[in-house]
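# Need coordinates for the following:
(5 chains)
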Amino acid sequence: MIRVEKVELNLVESLKRHVEALGEAFKQAIKPDRVTIEYPRERRRYPLSFRGFIIFNSEKCVSCFRCAQICPANAIQMEAHSKPYPSIDYTKCIFCHFCIESCPTGSLNSSKIHDVAFRKMEEMVVSANMMVKLPRILKEEKFTVDVIVKDKYWKLLRKKEMDDLSIPPIKVEVPKKIVTCAEPESCLGCRLCANVCPREAITVKEIEVAKRVVSYVLKVLTEKCVGCGLCVRQCPMNVLKLEVVK
Amino acid sequence: MEALVISHQKQIGDKMLEGLISGLFKIFTSNMMNIPLIEPLVDYLMQIPLVNLLVALILWRPFFAVIILPGLVGLLIYLLWIVYWERKLTARVQWRVGPIEVARPIRGAIQALADGIRYFFQEAIIHREAHKIYYIQLPILAFIPILLPLLFIPAGNVVGIKTPYGIQLIVAFIALIPLFIVAMGWASHSRFAYIGSLREAFMYFAYEIPFIIAVVAMIYVYGSGDPYVAVEKQNIPGAVLNPLAFIVYIIAMIMATSRLPFEIPEADQEIAFGPFVEYSGILFGLVMTLLYEKLYLMALLFVILFLGGWEGFYVGILGDFCAPLVLFIKTVVVISVLVIVRSVYARYRLDQAIRLGWTSYLTLSIAALILGMFVGVLV
Amino acid sequence: MEENIKFLRSGILAPIKKWGTHWSLWPVHLVTACCGAELAHAFASGYDGERIGALNYGIARQTNLIIVEGAITRKMARVLRITWEQMPDPKFVIIMGTCGLNGGVFWNSYHLVKPFEVVPVNYFIPGCPSTPEALLRGIRQLQNEIRTGEPRSSIEFEKVDLGKGKMMPVTPKSPKKISLAPSIVVNVPRKADEETKKLADEISKLGLATTVTGKNRIALRVEKDELVDAAKKLQNFGFDHVKNVNVIDVPNEDKFIVEYHLGSYSKRELMPVVLNLFTELPRSEPKLKSLAKIFPSADYMEREMHDFFGVVFEGNEWMGRKFLLAPDTPEYPLKKDFKLEEEKYLR
Amino acid sequence: MEYEIKVPVQPPTELQSLFIPIPPEYVEEVYRSEDFLVLVGPQHPGSGHMRLIVRVHGDIIREVIPDPGYVHRCVEKIAENRLYIQNIPLVERPSIMDALNFNLGYVRAIEDALEVEVPKRAKYIRTMLAEICRIGTHLYDAAILAVFLGHTTGFMYPFGIRELICEVLVRITGARFTSSFIIPGGVRRDVDEQTLKFVYETTFAIEKRLKSFERIFIKNPTVIARLKDVGVLTKEEAIKFGVVGPFLRASGVEYDVRKVEPYEAYGELDWDIPVADAGDSYSRFLVRVNEISQSLKIVRQCIKNMPEEKLKDFRGTFFDEFADIVLPQGEFTTLTEASRGTLIYSIVSDGESNVPYRMRMITPGWLYLRGFMESLKGERLADLQAIYGSFGYFPPEADR
Amino acid sequence: MITEWQSLLPEKKLEKKYFGILKEIVIDSKLCSHCAACAAVCPVDGISSGDQPIDFPNWTEKCVDCGACIKVCPRYDYKPLSGLGDYIEIFSGRSKRFVGQDGAMVSEITVSAIEMGLIEAAIFAGRSEDWSTKIVTIKSPEQLKNRKVTGTKYSYADVLIALKEAVLRYNSVGFVGTPCMISAVRKMQKTFKKFERVKLAIGLFCTENFYRHDLYDFLIEKKSVNLKNVVKTDIKKGKFIVTLKDGRKISFSVKELEEIVPSGCKVCQDFSAVESDVSVGSVGSEEGFSTVVVRSEAAKIVADYLKEKGYAEISQTSVDAIKKLCDYKVKIHPYPKKS
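Numbering: from 1, shown residues only, chains lettered A, B, ... in the order given. Okay, the predicted model is just below:
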């Protein structure tokens, strides 16, 4: 335990401290330890782990809704393109990047874009087709600044170069999974799994006897299934599950 | 007949005008600045009718003192400079840059001008509950005690009104300024403005007495209230002659102009700019500069009393202009150094400031007075 | 008057006015929420907004820019509007942070309003919190707008054709699984160390039934009439302050569980212990005796719980009045029957 | 002779138009007596998102009624509607400069319930991050205190130093403030050696810069004059009103959750808690200044003793791992020493839902508000800001 | 790995979507017992129950035509059950741990089963202050100490919806329900394997049940009693007894309630929950005791356990009284109805 003593100032001590404070001020006035990053003129280089605007790779996306469903702010909503793709509402996005962390295929990625001002709220809803390419932002900078600490002293290192705002995507290795039925006896026959599948990987065959449908045969097309798990989460009786395939 | 009368009257009018112009011209030229540097230009301009009157007026010493330097124009230049410098110096102490992008090539030196223009064109709100007439008039009326002392501040032989009681008069007029601030607070009709006015009034008594005593001490030293005598006697600067008065004066100057650590009447974190809380637009522009102007006046007096006034260097080519320039430069330098306290100190509490004023500084000032008496006998 | 304003807007002095205004955007000190921290960074040594002529200043009258720093609550909305109205023309508003846009992580909060419905807004800055760069970019854009008269966003998105198609016929289920028939027990016994058990036994000797709910956690159930007595006993035992007053609404069992988490600063062996003194109230008549007299530290939390649940703590002088919430908030928002907007996963 | 000065005394109109929680009778009573009501905030340069209704007698404060809730963003209600994992960004929003301590407290409550074992390296990283946030928050509060005292340099220096802290956080977590980095069972990703080295160097750079700050602000006689013997809370009062954290320690109570109930790596490290006896504003400030150096010490130790271990990377599996967390039935209360004091999370679960049934979050600001109000009584109006600053009261944190 | 499976559909009696068939054959022909089994299994959560007749507002569009509702409906192909049924033993008991309306044996049996580990959770119907039913999952004895959960409610509760949720979550579940619910669960267990996780079905003796709003209005209009002030309701010896907060008791003949008895109850003849594992009711025991009819092996184990532990006082039962009421119910609720 450290005991913080009560301070009693006598005249000498007080004067000494006045002189110290003034001395520090004059020292700084003569030789300042300046730390300012003059932003529009120069840009701070953020590390590659930076969480900025999100870039989307449509080829990898499996429309699994994980990004939309993990989003704490409900900023990601799926939008119909050739498949359902995520769209981000930057009026809600909090840049937690849970979506990127959740994406099993690595189709969402971060970028270093963060210094953006919008004129209208409507412009802030960004569809999937606008996220594929790195957006152009207004740049006025001529320098890039690195914050470095050298010999226990904090310095700004200016370089006459433009920082690349894109962040190389990180490879995600998740074992391939497909959906299987764990308990066919409990299947209700509701076919929601087939209807919710964005890849049409579950087919329904109606078996007719005397022009009457007597049963459905559901089949998982293993080559089409990407293991997005939407059907598993949709099943009202929890009879489906994901299984790893080698 | 009628026409004759009219032409006669016209003639009389013309004659009168002629007489007036020539009379004025005579007055102006009799007491003109002698600046060798611009003499050819002046000579050339003097040959053009009417322009010569204007030139003569400008170079007329009393006019020059009041309007040009150290008067109004000097004040304006000083204001633009000090606002910028204060922000810049503070920024430097605080590890940052300060205003710079306004005009990048001159490092943002016209930032205060931009702010001024913005204030000028901004809506000036007079709120419903304010005492409307006083509310508008007071910031403008406050210029009276600012401008009047300029008449009595001499710079060499450039002077508005020459009087042996110059120092006393300046002090008297400076003492008027707080009244206007208090009145502004009352006219604003806002609780924070009330509190601010009250604080200003309290502070007024805290600093004014040591201040006056310090000035009186210096008058003792020089044996006269005449600035000329004061400057003349400063072979050794007044600061050395009476260092106690010097210290008291500096502290009083900081207190009187509400600079940190005595920024008590304004105290934006406590009472939101106190008396000025309701002012906006150009009116706020006026009241904001009020204290800077007060600082300017006090610093002028300070330079005259303690730092040898306009005595410094003499450049022959500048002639009479040299003295006002020296005085102005000294003043601006003094203030420029002084503004560093803004970045060093926190604000004292009102009671602490008053206690300081009524105890330590009063004692110190009385000691200065006694010292002044002795020094006065010696010098 | 109209003509004068028109002249100022487009007359020969207009360029000067524009120049002065755009280099002198002074944000008013209206801290509305936590984005204020990043605003401070933008105007402190690290980024120094003063460089571009923006100086944070105290009072509405002397400034011309409001930076809405995130969330505007129902209570703050009025203040925002009043501040805006106090400002002299020309005046501008920038909103930073998602809380001020559509709420961000608080998008379905019952106490937030949308600031752009309260005041006209010039620029919106995303981020939670927005970086200082983003804020300076907003000020910069505003400067450009004042100078050129053309408002524009500082970002352009390039569109790529991703084809057209239909959404699947069935809307995917929400990942949330909320029990229809929740069972709420506060004092579930759990394994703990010996010391806690010993302490629980000691407290039991006071005539109170304890459950050990974890290491250093003890729960203690009393009937609501015995609460004050129990609190007094515990105070004599060494618990000297209330860390938490909590109400749990259990509509399924028609009750409120009112908890007081007691702690001790004066007795060293009690320091790590959190004692959960709780009682149950009928939902139809939520009244009990306040402990604020015994533990003054419970006072504000009781007021808060009164706001949230309508539980009346008899003896607390603030009952019947709103403390934390704005007067126009829906009544007793933390009751389970008050529902928030649900998430949507499709656009 | 006595002259009567007639000043119209009537309750001002704004008392009707604003949400003033006090009854009109109270206002009238104040105006009939010789007192005066001053509303400090919410738009006031010395406050911000908080209103204090101050009843003054002359210059002396008689009573202060807080009017909080200007930043009440309903964290507790919203938490009942979100997945456990989605609440992580939510709980750190109330106090973004202290995000990781808030994050840690919440995650610890979940881990306590699920009885998850956290890898040792993750524990060290968490401790390090929590302490970095503590330094940042103390600096923030020091800066705000300086602003309240009119000391602009005292504001700029800590915020300048905070840039370094932001740099550290952005390198480790990717965000300047709200990192949401700590998740049940560890951290989101490992920290590499280079970054750790940077953090280690940074602690010294911060120390060096703090020297300047010390000369110009901490030891400044005007600052001491403003803070000393102002807003005194005695030990008994502090206990009675349930003050927490450094403010409690400034009144002489040796209570720090990190010591009395050590969590994460605190039990294994060598550090002390600073305690003062005076209980005035200056000791409250000094205790925190001393805590900064202790925190720097902890950060250095964390980096030096960091065990080598491979931490799991959650990229790609985040949803599958965490979306379906269901806590067992019961109530789980954790105490955490956040920068401003004890932070309490009390999660009630029904054992079936993957959202909390009730999440009670008590922030230090809310806990010491009562003590703060009590300490104002009898002080001067000008001291309100000094005491406000010395408590580092941050309304979003208190209102949640 | 099963990637192909089959789901059989029930026979369609009408050319409609399955809910249409259910609506016409069961609901519209006044057979529906309001057990809410259909609402529980409906995959699109379209069927609404609660305090109004079972309905599926826009079934023509939303119904996915899976036939699950028909598969589980106890009144589809209705064959009424009656009598006392098979049983292993009958005894009367009074719980020593809990306080209930009578002997609190429902609570006792449930808690014993949880303590034994036979079931992980049990679904109970509770009530709010205005006597609308709320469902509670019981997982520990603590919860039952509150009297709100126990006691007879005489109004419909969505127990089965909660039961389905519980079945998905736990491996073994118990529940308390009226005879129609028990029948529905038995039917569910036959068609869907997952419902075999219902290990303990506690049936209640039941003559009839009401819509809450009907009962509420009836009591206000006819008896000027507000249900909000009521502490307890009970049917004893043909009398409906209402106990108020201030201690007053109002009793009237059950026959007066005839007008608000829902149609589904008017065709029900099962008094003693024949298909349950154990049936509990007050009939046949002395005041303060409950009759327990143990019917299955699982229930027998529980009964033995609680007897062995001495959790309950045991006393004699008059089987005849129960049988009498069983017959009485058959008499007042004839099926098929004579026109």
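
# residue ranges of the helices in chain E, please?
E:18-22, E:37-41, E:59-62, E:68-72, E:105-116, E:141-144, E:159-169, E:179-191, E:212-223, E:297-309, E:319-332 (DSSP state H).

# what about those helices, which gets the closest to chain B?
helix E:141-144 (53.3 Å; Cβ to the nearest Cβ). Every C-beta, even on glycine, is put in place using the N, C-alpha and C of the backbone.

# For the stretch 51-200 of chain E, what lies in contact range of chain A?
Neighbours of chain A within the stretch 51-200 of chain E, by Cβ under 8 Å from any Cβ of the partner chain: E:64, E:66, E:67, E:68, E:168, E:192, E:193, E:194, E:195.

# Got a quick ChimeraX command for the buried subset of those?
Per 16 or more other Cβ atoms under 10 Å in any protein chain shown, the buried members of these correspond to this ChimeraX selection:
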select /E:64,66,67,68,168,192,194,195
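
# on that earlier part again, of all the helices of chain E, which lies closest to residue D:211?
Taking Cβ to Cβ, helix E:141-144 is the member of the helices of chain E nearest to residue D:211, at 58.4 Å.

# Which pLDDT value goes with the residue in the stretch 151-300 of chain D that chain C sits nearest to?
In the stretch 151-300 of chain D, the residue that lies nearest chain C is residue D:242 (2.7 Å; Cβ to the nearest Cβ). Here, the pLDDT recorded for residue D:242 equals 86.

# now swap in residue D:47 and tell me
65.

# Ok, residue A:51 next?
88.

# can you check residue E:152 too?
66.

# Past the top helix by length along chain A, which element shows up next along the chain?
In chain A, assigned by DSSP H, the helix with the most residues is helix A:11-30. Going down the chain from helix A:11-30, the next helix or strand is strand A:42-44, by DSSP states H and E.

# Do a quick rundown of the helices in chain C.
Counting by DSSP H, the helices of chain C are C:2-10, C:14-22, C:36-43, C:74-86, C:132-148, C:194-204, C:227-237, C:299-309.

# Serialize those helices to JSON lines and add fields for distance to residue D:149 and mean neighbour count.
JSON lines is the format used below for the helices of chain C (distance: least, Cβ to Cβ, whole Å; neighbours: other Cβ atoms under 10 Å in any protein chain shown):
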{"stretch": "helix C:2-10", "distance to residue D:149": "40", "mean neighbour count": "10"}
{"stretch": "helix C:14-22", "distance to residue D:149": "32", "mean neighbour count": "18"}
{"stretch": "helix C:36-43", "distance to residue D:149": "16", "mean neighbour count": "26"}
{"stretch": "helix C:74-86", "distance to residue D:149": "24", "mean neighbour count": "20"}
{"stretch": "helix C:132-148", "distance to residue D:149": "24", "mean neighbour count": "22"}
{"stretch": "helix C:194-204", "distance to residue D:149": "45", "mean neighbour count": "15"}
{"stretch": "helix C:227-237", "distance to residue D:149": "39", "mean neighbour count": "17"}
{"stretch": "helix C:299-309", "distance to residue D:149": "27", "mean neighbour count": "25"}
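
# Understood, closing this out.
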